[in-house]
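*Asks:* Here you go, sequence then predicted model.
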Amino acid sequence: MRSISYLSMLSKNTFNAVVIPFSLAVLISACTPESSDSTVVEVDSISAGIENLSAPNEVQIRWTTHGIPHIKADNWEGLGYGFAHAIATNTICVLAREFITVRGEQAKYFGATESHVNADAFHRALLHQSKIDEYLAYGFSESHEMDAGYVAGYNNFIETQAGNMPASCNNAPWITPITERDIARIAIGVGIRYGLGRVTNEIATAQHGLELAQLNALDLFVDPEMIGSNALGFGSALTESGRGILLGNPHYPWHGPSRFHIAHLTLPGEVDVMGASLVTTSRIAIGFTKDVAWSHTVSTALRFTMFRLDLVEGNPMAYRLGDEVHNIEALQVDVETDAEPISRTIHMTHLGPVVVGETTPWNDQYVYVMRDVNYENYRSADQYKDINSARNVEELRDALATHQGAAFVNTIAADADGGALYADMSAIPNVSAELIERCAVDTENASRVITLNGSDPTCDWQIDSRAAYPGLMPPTDQPSLITDTYVSNSNDSYWLSNPDNRLEGFSPIIGNEQQTRSLRTRAGLKFVEEVLNGKGKFNQATVQNLLFNHRHYGAEVFLDDILTVCVENDDLQEACDILARWDRRQDLDSVGAAIFNRFWSAAATLSDHYLIPFDVNNPVHTPSGLKIEEPATQEFITKSLREAVASLSEAGIPLDAKWGDVQFVLRNDDKIGIPGGAGGQGMFSVITSRFDADKGGYNPVRHGNSYIQAVTWNADGTPNAKAILTYSQSPEADSEFFSDMTKLYSQSQWVDLPFTDEQIAAQQIREEILRY
């Protein structure tokens, strides 16, 4: 039941509560070789700013192999309490650091650099008291109860584990207690990361009259090869069992707060969900239940628009809105440092903060501001509660449509009944093609950025009662597809989610249609097509192999033409011979992948030499071929191959090196080869790493395959989930779970995720009982 106000549930005093020291008794029981360790932790019933937790309550955490927690509680507070304890156990240093970020305290603890001061000013100004109050006043009572429990569990952990944390942050002064206000800050902060968060410097340093040479180029879009994903959902018509199968394959950073962490949450009669959350989010974001499985991919939909405001002549601090004049509000923010405070001034309008960059100067005529849809998104926790309760993909789609709380992602899902879902029912500004045509300004700046006339009130985001929140595009105007065949997404738009059932006619703010798809999108669709053309159906292993075959689709499309040119050059014969024998994969033993990767880096303008252009009637297979009859293309290929060979030679890497010796991570004393490669080259199995000649190859890995799940259901209705967390559960070098799953991923292996009590017992390594 939706609560009207958070104040009706928790005393306002709890918003700024401080930690009350805990009295603890820790009992370690003896165990036989057949039993698991068991720890009982008792905590005073008054805890961490949560005055209404009933006591005594218990939270059970059963830890299974690879450091995976299974949290079971008898109320929502307890579930949040155990969740925080579990994620802090594996990731406390990263998590605590992110609370410092959203509080605006980086300069205080990590040095008053320009970037820290600007980021602190940004977070302090935008995550202000009334904004946090709005967040806390919204939502289901259960969502608030879980957040309250999370606060208590986190604070208990840092209190009881003081002095016993990982070496990278043990006894750090910046690990401090949190309140529900910090949960709100981090929720909003994560949501705006790819909108307002892209222009923190341009907001924190905005001034009128700056010279063009003083302004930064705006970097408004995240490279989908740096924050991307693949997902496939198969329905009953295409699966051997008649039950759905989901492949979830987010490509996220291997380091920092956007890492995933696997957990299992159970509140009997309410929720039983397993999967992964980001380190910084307090809900399972990608996962499965006994009925449904879902994943997300970063969507092409814009989550913000720029607005250009007409200034009042002679007054750069006032702008026109229709017949009215509004003042720009100057907010002075003092950023705390280890010395004197440093001030920044953030300028706010009714639409959002002023953003000053090369293409958005603040002159005497105009000022530019950004409105970010996720700055007004308080709905995510409620949405995931309803997703966890969904019994099929229809109900899951209803949850998306009801809340529109997904910040910047598509949703791909499958269910036990054999349904499959694609949807970009999410937080998207209600900006139609007609509104863009009527209101767009600065159209000469060729990019996807939409800049609207902010001084015309009719050019603001449209209000529609069918939407979950004012200014959102209603879900009926957003793309979705439920089918018994299949759905897919690899960070292109909705258009080709199923080539036989194309989605068309939507606002351009969501994405493009009838245009070239990326090589990675085409790779996934081609691999599915091959199975279907073989008259086969999919089982779980077939779906897993779509990813872990580590095929290089770019090589499959272009290498034959490249070899035709290559063999005409005597100095390239060794490289040509190796490439000719290459299996066109990037698995550990693949020989030739190193040459082709260096070639691709040298051949950055390869698309200028495509032979067959994009064909809207054959989008999976075009563009293709190279113009190898043309001297310019021959010269281009030859030059790029020579640069590739020279690059490897200078790094001391043999031309016949195995890929696993060239792309690797270091985990303490272990060098671990990493399969996969660049999505921009057509690798469906994505690993983004930096070539470093001094390190002898591609190291470190920055991004790519992260939490991977292949989920279906057994005949008895229980979920069957194979998964891997490529970088392992803990980022800490002194953790036993720092590299164990990384070594499995290196060998393209999977973990059976235990879901039932019997499965959990079979893999259990220890148990904690938390009493509060």
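*Replies:* Yes, it's here. Keep in mind the model is a prediction, meaning the values are calculated, not measured. Residues are numbered from 1 along each chain as shown.
*Asks:* next one: the host helix or strand of residue 698 to chain centre, how far?
*Replies:* Assigned by DSSP states H and E, residue 698 belongs to strand 697-705. How far strand 697-705 lies from its chain's middle: 17 Å, per C-alpha atoms, centre = their mean, to the nearest Å.
*Asks:* ok, now stretch 639-658?
*Replies:* Worked out by C-alpha atoms, centre = their mean, stretch 639-658 lies 34 Å from the chain centre.
*Asks:* And the contacts of it?
*Replies:* Where contact means C-beta atoms under 8 Å, 6 or more residues apart in numbering, the residues beyond stretch 639-658 that reach it are 562, 566, 569, 571-572, 574-575, 578, 588-592, 594-599, 601-603, 606, 662, 673, 691, 693-694, 696-697. Every residue, glycine included, has its C-beta placed from N, CA and C.
*Asks:* Strands of the stretch 51-200 of the chain, start to end?
*Replies:* Here the stretch 51-200 of the chain has its strands, by DSSP state E, counting those that start in this stretch, at 58-64, 68-73.
*Asks:* Mean neighbour count, those: which tops it?
*Replies:* strand 68-73 (a mean of 24; mean count of other C-beta atoms under 10 Å).
*Asks:* Just the angle for that strand relative to strand 58-64, thanks.
*Replies:* Here strand 68-73 runs at an angle of 160 degrees relative to strand 58-64 (axes from the mean of the first three to the mean of the last three C-alpha atoms, to 10 degrees).
*Asks:* So what does the residue located most distally from the centre of the chain look like in phi/psi?
*Replies:* The C-alpha centroid of the chain is most remote from residue 570, which lies 46.6 Å away (C-alpha atoms, centre = their mean). Main-chain torsions, residue 570, degrees, to the nearest 10: phi -60, psi -40.
*Asks:* Go through stretch 691-711 and flag the buried ones.
*Replies:* Judged by neighbour count (16 or more other C-beta atoms under 10 Å), stretch 691-711 contains these buried residues: 691, 697-699, 701, 703-711.
*Asks:* how long is stretch 287-305 from one end to the other?
*Replies:* 31 Å (C-alpha to C-alpha, to the nearest Å).
*Asks:* which stretches of the stretch 401-550 of the chain form helices?
*Replies:* 433-439, 519-533, 540-548 (DSSP state H, counting those that start in this stretch).
*Asks:* Of the ones you listed, which is nearest residue 165?
*Replies:* helix 540-548 (35.2 Å; C-beta to C-beta).
*Asks:* surely residue 206 meets residue 347?
*Replies:* Yes. Residue 206 is within contact range of residue 347, at 5.4 Å (criterion: C-beta atoms under 8 Å).
*Asks:* got any ranges where the stretch 201-350 of the chain has weak pLDDT?
*Replies:* Within the stretch 201-350 of the chain, the stretches with pLDDT under 70 are 224-226.
*Asks:* And for the chain?
*Replies:* 1-56, 224-226, 445-446.
*Asks:* how does it look with 90?
*Replies:* 1-57, 194, 211-228, 442-448, 535-536, 772 (pLDDT under 90).
*Asks:* Check the spacing between residue 585 and residue 491 real quick.
*Replies:* Counting by C-beta to C-beta, to the nearest Å, the gap from residue 585 to residue 491 is 22 Å.
*Asks:* quick one, which of these two is more surrounded?
*Replies:* The residue with more neighbours, out of residue 585 and residue 491, is residue 491; 25 against 22, by other C-beta atoms under 10 Å.
*Asks:* how about that one, what does it touch?
*Replies:* 224, 228, 229, 297, 298, 299, 300, 518, 520, 521.
*Asks:* State the distance from it to residue 287.
*Replies:* For residue 491 relative to residue 287 (C-beta to C-beta), the value is 20 Å.
*Asks:* what about residue 361, how many neighbours?
*Replies:* Residues near residue 361, counting by other C-beta under 10 Å: 18.
*Asks:* just checking, it touches residue 216?
*Replies:* No. The pair residue 361 / residue 216 is not scored as a contact, 11.3 Å apart, by C-beta under 8 Å.
*Asks:* What residues are bridge-paired with residue 724?
*Replies:* Residues in a beta bridge with residue 724, per DSSP bridges, are residue 708.
*Asks:* these two touch, right, it and residue 751?
*Replies:* Yes. The pair residue 724 and residue 751 passes the contact test of C-beta under 8 Å, sitting 5.8 Å apart.
*Asks:* which one of these two has more residues nearby?
*Replies:* Counted by other C-beta under 10 Å, residue 724 and residue 751 do not tie: residue 724 has more neighbours, with 25 against 22.
*Asks:* Which residue comes closest to the spatially most central residue of the chain once chain neighbours are left out?
*Replies:* Centroid-nearest residue in the chain: residue 252, 5.6 Å away (criterion: C-alpha atoms, centre = their mean). Excluding the flanking residues, the one nearest residue 252 by C-beta to C-beta, 6 or more residues apart in numbering is residue 706, at 4.5 Å.
*Asks:* How about the contacts made by the one you found?
*Replies:* 250, 251, 252, 253, 254, 259, 260, 725, 726, 727.
*Asks:* Settle this for me: the last one is touching residue 743, isn't it.
*Replies:* It refers to residue 727. No. Using C-beta under 8 Å as the test, residue 727 is too far from residue 743 to be in contact (11.1 Å).
*Asks:* Common neighbours of those two, please.
*Replies:* Counting by C-beta under 8 Å, 6+ apart, nothing touches both residue 727 and residue 743.
*Asks:* So between those two, which is more surrounded?
*Replies:* Counting neighbours by other C-beta under 10 Å for residue 727 and for residue 743 shows that residue 727 has the greater number, 26 against 14.
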